[in-house]
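Trainee: using only what follows, build the 3D model:
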Amino acid sequence: MVTRSRPRSTRLLVIALVSISLAIITLDYREGDAGPLAEAGRWTQTVMAPLQQGVSTVTRPIGDFFSGLAHLPSLERNNADLRGQVADLQTQIAGAADIQDRLRTLTDLLGLKQTLDPAGIPAVVIGNGVSNFEWTITISAGSDDGVRVGQPVVAGSATTPRLVGRVVSVTPVSADVELLIDQNFAVAGRLSTTRATGLVRGRGEQDPRMDGIPQDTEISLNGDQPVQVFTVSYEINGQQGRYPPGILIGEVSSVIQSTNALETAVTLRPAVDFSALEYVLVYKTDQSQEGSTG
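Mentor: Predicted coordinates:
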């Protein structure tokens, strides 16, 4: 009997709920906004509004989080694009700085040529022959350009010409330059402040050494004791040459105590950074007929 009564009671419950719903709908329609049901709805909305706002506040970050996850691939692509643009700009800036440095160097070389030797031959360093036995560079000018064995090679600017070395071998399109730090290199030097002279010799990886300075010479190590070329003639493989006077060799870096009571020696920090040397000027003017100066 229990089993048979359940469907009947269920049908009665459904009929009752439908009847009540129809009655409420009819009543609400007749009363409009002034009825008790409308008032109850407004009261419910007033009570629930803060709760809805709180729930929205709590759940909004969660929604934003999942929305962000959905757009994450796009954001990563945008960030990658931005990083690529930044890298391109940095490369352009670095390239512009390099171009400015080269332009400045070439401008200095042009000024050096016009001031020191208008007939001088500009050249690019195209090879580095530094080894344990020789310290040389190869330049892009040769005998076809007027380069000859024995010619001095300089760098720097019109106001501060610096000694690089001398030409020791030549081909029609290139030449080898023996650097002043080579162990076979020697040149007469003069302390610019005291006018004392001595012989400067290359020592490879060590700073060049200047010997033969009078013992009573006042020597400063504060960076204000430059050493310049003192006019001297030389011969290489039968070729005569002469260094132009006043070319900067370097600065005194240390004093060496000599066993000779009449002389002292110093080491020099070269004025040229040979590891970064790019452009040089071959001193072409023949000074063999000019009088010695200094």
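Trainee: quick one: what helix or strand has the nearest residue to residue 180 once chain neighbours are set aside in it?
Mentor: Sequence neighbours aside, residue 165 is the residue nearest to residue 180 in space, at 5.2 Å (criterion: CB to CB, 6 or more residues apart in numbering). Where you see a C-beta, it was placed from the backbone N, CA and C, and this is true even at glycine. Following DSSP states H and E, one finds residue 165 within strand 161-170.
Trainee: which stretches in the stretch 51-200 of the chain count as helices?
Mentor: Assigned by DSSP state H, counting those that start in this stretch, the helices in the stretch 51-200 of the chain number zero.
Trainee: which regions of it sit below the pLDDT cut-off?
Mentor: Scanning the stretch 51-200 of the chain for pLDDT under 70 picks out the ranges 51-79, 95, 130-132.
Trainee: which stretches in it count as strands?
Mentor: 121-128, 136-139, 152-156, 161-170, 175-179, 186-191, 197-203 (DSSP state E, counting those that start in this stretch).
Trainee: ok so, going back, so the strand holding residue 165 versus strand 121-128, what angle?
Mentor: 70 degrees (axes from the mean of the first three to the mean of the last three CA atoms, to 10 degrees).
Trainee: on that earlier part again, contacting residues for the residue nearest to residue 180?
Mentor: Residues in contact with residue 165, defined by CB atoms under 8 Å, 6 or more residues apart in numbering, are 136, 137, 152, 153, 177, 178, 179, 180, 182, 185.
Trainee: so who does the third one touch?
Mentor: Taking CB under 8 Å, 6+ apart as the definition of contact, the neighbours of residue 152 are 163, 165, 166, 241, 242, 243, 244, 247, 282, 283.
Trainee: and the pLDDT at the closest residue to it other than its chain neighbours?
Mentor: The spatially closest residue to residue 152, leaving aside those adjacent along the chain, is residue 283, at 4.2 Å (CB to CB, 6+ apart). We have a pLDDT of 91 for residue 283.
Trainee: now swap in residue 209 and tell me
Mentor: 92.
Trainee: which element follows the one helix or strand it maps to toward the C-terminus?
Mentor: In the assignment (DSSP H and E), residue 209 maps to strand 206-214. Next helix or strand after strand 206-214 toward the C-terminus (DSSP H and E): strand 226-229.
Trainee: which elements pack onto that following strand?
Mentor: Packing partners of strand 226-229 (3 or more CB pairs under 8 Å, 6 or more residues apart in numbering; DSSP states H and E): strand 186-191, strand 248-256.
Trainee: list the buried ones in the longest one?
Mentor: Spelled out, it's strand 248-256. Judged by neighbour count (16 or more other CB atoms under 10 Å), strand 248-256 contains these buried residues: 248, 249, 250, 251, 252.
Trainee: now the residues you listed as JSON lines including distance to residue 227 and pLDDT?
Mentor: JSON lines is the format used below for those (distance: CB to CB, whole Å; pLDDT from 0 to 100):
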{"residue": "248", "distance to residue 227": "8", "pLDDT": "90"}
{"residue": "249", "distance to residue 227": "5", "pLDDT": "91"}
{"residue": "250", "distance to residue 227": "6", "pLDDT": "90"}
{"residue": "251", "distance to residue 227": "7", "pLDDT": "90"}
{"residue": "252", "distance to residue 227": "7", "pLDDT": "90"}
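Trainee: distance to residue 264 for the residues you listed - can I get that in JSON lines?
Mentor: Compiled in JSON lines, the buried residues of strand 248-256 are given as follows (distance: CB to CB, whole Å):
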{"residue": "248", "distance to residue 264": "21"}
{"residue": "249", "distance to residue 264": "17"}
{"residue": "250", "distance to residue 264": "17"}
{"residue": "251", "distance to residue 264": "16"}
{"residue": "252", "distance to residue 264": "11"}
